[in-house]
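Got a sequence here, can you build the structure:
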Amino acid sequence: MQRSRTLVVIGIHREELAFGREVVRGLPIGEVDVLEIPDGLSGRRPLPDQSFRYGTLHRALYLQLLPYLGPSHRLLIDLHSGFDDEGPSADLLCGDGGLRTRLHDILDEQGADAPLEQVRIVPLGEAGVVQARTVIPSEVWHSPAFAYLGLEIYLPNSAEGRARGVILARSLIRIAAVCAPEHVG
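Below you'll find the model as predicted:
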């Protein structure tokens with residue numbers, strides 16, 4: 001069986017697992033590979049005296065993803081969800097400049113015809129630009145073996161908004177899968 005070049009991981013934060021399942025359930029079989037974390041960490045901010053333990057567990061969980069990335073995988077999509085009354089919207093967090101460029105190009109091509117409300121591409125780890133800071137280990141987001149894309153979908157607090165967020169997430173996963181690099185490193 002030929003594997004996809006893209007692995008989507010869902011459930012890193014247990015409160016987001018149901019959303020992740022809903023998103024991947026609507027993707028055609030074989031379009032992407034899916035890794036479900038059934039017992040992820042809480043996505044809630046830890047209390048100050050719990051920060052070290054939480055950070056250690058978070059790092060360990062992400063490092064455990066590495067053996068699941070096979071030789072065919074060129075892209076790891078890390079799906080998350082959050083809340084925004086103005087949503088749905090999305091942040092695409094990526095340290096790979098080539099992938100960011102391809103994502104920009106496709107999103108620009110699709111323009112107003114796509115269900116892509118408020119999508120931002122946020123660089124990870126580049127000096128001199130506005131960028132995101134992440135607690136995800138650099139072995140994951142800056143790997144020479146694959147590109148990393150953090151996909152954060154912000155959902156309004158309504159059933160209709162959540163449904164639009166699911167559509168947005170599926171659309172962005174498909175776009176990212178098309179943009180997956182042939183070779184990394």
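
so where's the protein uncertain?
1-2, 111-117, 126-134, 183-185 (pLDDT under 70).

what about the closest residue in space to Leu151 that isn't next to it in sequence, how many neighbours?
Leaving out its chain neighbours, the residue that sits closest to Leu151 by CB to CB, 6 or more residues apart in numbering is Leu79, at 5.1 Å. Heads up, the C-betas are built off the backbone N, CA and C, glycines and all. Per other CB atoms under 10 Å, the neighbour tally for Leu79 reads 25.

Okay, buried residues for the helix or strand where Leu79 lies please.
According to DSSP states H and E, Leu79 maps onto strand 75-83. Neighbour-count burial for strand 75-83, counted by 16 or more other CB atoms under 10 Å, picks out Leu75, Leu76, Ile77, Asp78, Leu79, His80, Ser81.

What of stretch 87-106?
Neighbour counts over stretch 87-106 (16+ other CB under 10 Å) mark 87-96, 99-100, 102-103, 106 as buried.

Just the CA atoms of that stretch, as PDB, please.
The C-alpha trace of stretch 87-106 is given here as PDB (Å, rounded to 0.1, in the frame of the first residue of the first chain):
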ATOM      1  CA  GLY A  87     -14.100  32.800  13.200                       C
ATOM      2  CA  PRO A  88     -13.700  30.500  11.600                       C
ATOM      3  CA  SER A  89     -10.100  31.600  11.000                       C
ATOM      4  CA  ALA A  90      -6.800  29.800  10.900                       C
ATOM      5  CA  ASP A  91      -3.100  30.200  11.600                       C
ATOM      6  CA  LEU A  92      -0.700  28.100   9.600                       C
ATOM      7  CA  LEU A  93       2.600  27.900  11.600                       C
ATOM      8  CA  CYS A  94       5.500  26.800   9.600                       C
ATOM      9  CA  GLY A  95       9.300  26.900   9.700                       C
ATOM     10  CA  ASP A  96       9.900  25.800   6.100                       C
ATOM     11  CA  GLY A  97      10.200  28.800   3.800                       C
ATOM     12  CA  GLY A  98       9.500  26.900   0.600                       C
ATOM     13  CA  LEU A  99       6.300  25.400   2.100                       C
ATOM     14  CA  ARG A 100       5.100  28.900   3.200                       C
ATOM     15  CA  THR A 101       5.700  30.300  -0.300                       C
ATOM     16  CA  ARG A 102       3.700  27.400  -1.900                       C
ATOM     17  CA  LEU A 103       0.900  27.900   0.600                       C
ATOM     18  CA  HIS A 104       0.800  31.700  -0.100                       C
ATOM     19  CA  ASP A 105       0.800  31.000  -3.800                       C
ATOM     20  CA  ILE A 106      -2.100  28.600  -3.700                       C
END
